[in-house]
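Participant: structure of the sequence below:
(one chain, ligands or ions: 1)
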Amino acid sequence: MRIAFTKMHGLGNDFVVLDARAQPLPPLTGDVVAALADRHTGIGCDQLVLIEPSEVADWRMRIFNSDGSEVEACGNATRAVGLLIGGEVTLETLGGTIVARPDENGVAVDMGVPRFGWDQIPLAYGMDTLDLPVGWPLDSAACEAVLEHPVAVNVGNPHAVFFVNDAYAVPLAEIGPVIENDQIFPERVNVNVATVTARDAITLRVWERGAGITQACGTGACATAVAAMRRGLVDREVTVTLPGGALTIVWEPDVDGAPGHITMTGPASVSFTGSFDWGDYA
Ligand SMILES: N[C@H](CCC[C@H](N)C(=O)O)C(=O)O
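Facilitator: Below you'll find the predicted structure:
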């Protein structure tokens, strides 16, 4: 069975997008995803995205990391799907229903509201999510001897955000998987290392749960911006600059004591289209 795909990216965070709006695909297992995502023997991507019909939104967007794990949210992929479908579109995800719409700077996504409860991240036990009393030692060559006291926030998916003097001095490839898989994060975690450079500017690198270091992470940018705002480090609109480029994050004011919505705006691109034989990967 020949399957068409669209290869897309958001600031270099890249995706294989399968469009099952018109007709269903064969069952997508973690093994099939991992095989398609393999950069040597498959098409290659950070995440695989499946668009399907939905009963609660315009469409359903399923997101799989390159390790085959299905996840709740992917900011960059949401912009890509918004671009592919066009116009304003509501998307059902495991992390809730979100909205993408065209913007003069690419695609704007209402990512919903952040969650801060320790059991909403989730964490293995109760801790102050604004300042987790934990730390991981770094190789002494790193500028920071310890990566510690992160903020934990859920923006559909779980994030730990560390504020450091120089995000590019952190040995992220070494420490990222250690923190990702720490037992205090029962569903694992995305690891963000951020440097605040102005009241409206943050530099960010991300070790992504299930994918490793990526060129950009949309939910990481949202989580990091909100974490910095909660700590009073930046104002409510901020530019987050990742290795692949910049995103604009706005956290709307709280409403009746409840957190406001997060809006993420940035580019999305089609790299190429193609097709593959399902039997080669299943
Ligand atoms: N690795 C993430 C999913 C992809 C998020 C990222 N690519 C983005 O743009 O938000 C997780 O396991 O929660």
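Participant: these two touch, right, Ala228 and Glu237?
Facilitator: No. Counting by Cβ atoms under 8 Å, Glu237 is not a contact partner of Ala228; they are 11.7 Å apart. The way it works is simple: take the backbone N, C-alpha and C, and place the C-beta from them, glycine included.
Participant: secondary structure of Val193: a strand, I assume?
Facilitator: Yes. Checked against DSSP: H, G, I helix; E, B strand; the rest coil, Val193 lies within a strand.
Participant: domain ranges for the protein, per the record?
Facilitator: 2-102+268-280, 135-260 (automatic domain parsing).
Participant: redo the ones you listed as JSON lines? Include distance to Ala124, mean pLDDT and mean neighbour count.
Facilitator: Compiled in JSON lines, those are given as follows (distance: least, Cβ to Cβ, whole Å; pLDDT from 0 to 100; neighbours: other Cβ atoms under 10 Å):
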{"stretch": "domain 2-102+268-280", "distance to Ala124": "18", "mean pLDDT": "98", "mean neighbour count": "18"}
{"stretch": "domain 135-260", "distance to Ala124": "5", "mean pLDDT": "96", "mean neighbour count": "20"}
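Participant: include distance to Met127 when you put those domains into a markdown table, please.
Facilitator: Below are the domains of the chain laid out as a markdown table (distance: least, Cβ to Cβ, whole Å):
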| stretch | distance to Met127 |
| --- | --- |
| domain 2-102+268-280 | 21 |
| domain 135-260 | 8 |
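Participant: and those domains: which comes nearest Gly112?
Facilitator: The closest of the domains of the chain to Gly112 is domain 2-102+268-280. By Cβ to Cβ, the value is 5.0 Å.
Participant: near the ligand at all, the closest one?
Facilitator: Yes. Counting by Cβ under 6 Å from any ligand atom, the ligand has neighbours in domain 2-102+268-280: 13, 46-47, 65, 71, 74-76.
Participant: of those, which belong to strands?
Facilitator: 13, 47, 65, 71 (DSSP state E).
Participant: for the closest residue to the last one other than its chain neighbours, which residues are in contact?
Facilitator: Here the nearest residue to Val71 in space, its sequence neighbours aside, is Ile63; by Cβ to Cβ, 6 or more residues apart in numbering that works out to 5.2 Å. By Cβ atoms under 8 Å, 6 or more residues apart in numbering, Ile63 lies in contact with 47-49, 70-74, 77, 93-94.
Participant: Ile63: which element?
Facilitator: Element membership of Ile63 [criterion: DSSP states H and E] is strand 59-65.
Participant: can you dump the C-alpha atoms of that strand in PDB for me?
Facilitator: C-alpha atoms of strand 59-65 as PDB (Å, rounded to 0.1, in the frame of the first residue of the first chain):
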ATOM      1  CA  TRP A  59      -9.400  17.500  12.900                       C
ATOM      2  CA  ARG A  60      -7.400  15.300  15.200                       C
ATOM      3  CA  MET A  61      -3.600  15.600  15.300                       C
ATOM      4  CA  ARG A  62      -1.700  12.600  16.700                       C
ATOM      5  CA  ILE A  63       2.000  13.200  17.500                       C
ATOM      6  CA  PHE A  64       4.700  10.600  17.800                       C
ATOM      7  CA  ASN A  65       8.300  11.100  18.900                       C
END
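Participant: now the contacts of Ile63 as a markdown table including distance to Ala282?
Facilitator: Below are the contacts of Ile63 laid out as a markdown table (distance: Cβ to Cβ, whole Å):
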| residue | distance to Ala282 |
| --- | --- |
| Gln47 | 19 |
| Leu48 | 13 |
| Val49 | 18 |
| Glu70 | 16 |
| Val71 | 21 |
| Glu72 | 25 |
| Ala73 | 26 |
| Cys74 | 23 |
| Ala77 | 22 |
| Thr93 | 24 |
| Leu94 | 23 |
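Participant: how about residues contacting stretch 160-173?
Facilitator: Stretch 160-173 is contacted by residues 132, 138-139, 141-144, 147-153, 179, 185, 189-196, 203-205, 207, 212-213, 223-224, 227-228, 231, 233 when judged by Cβ under 8 Å, 6+ apart.
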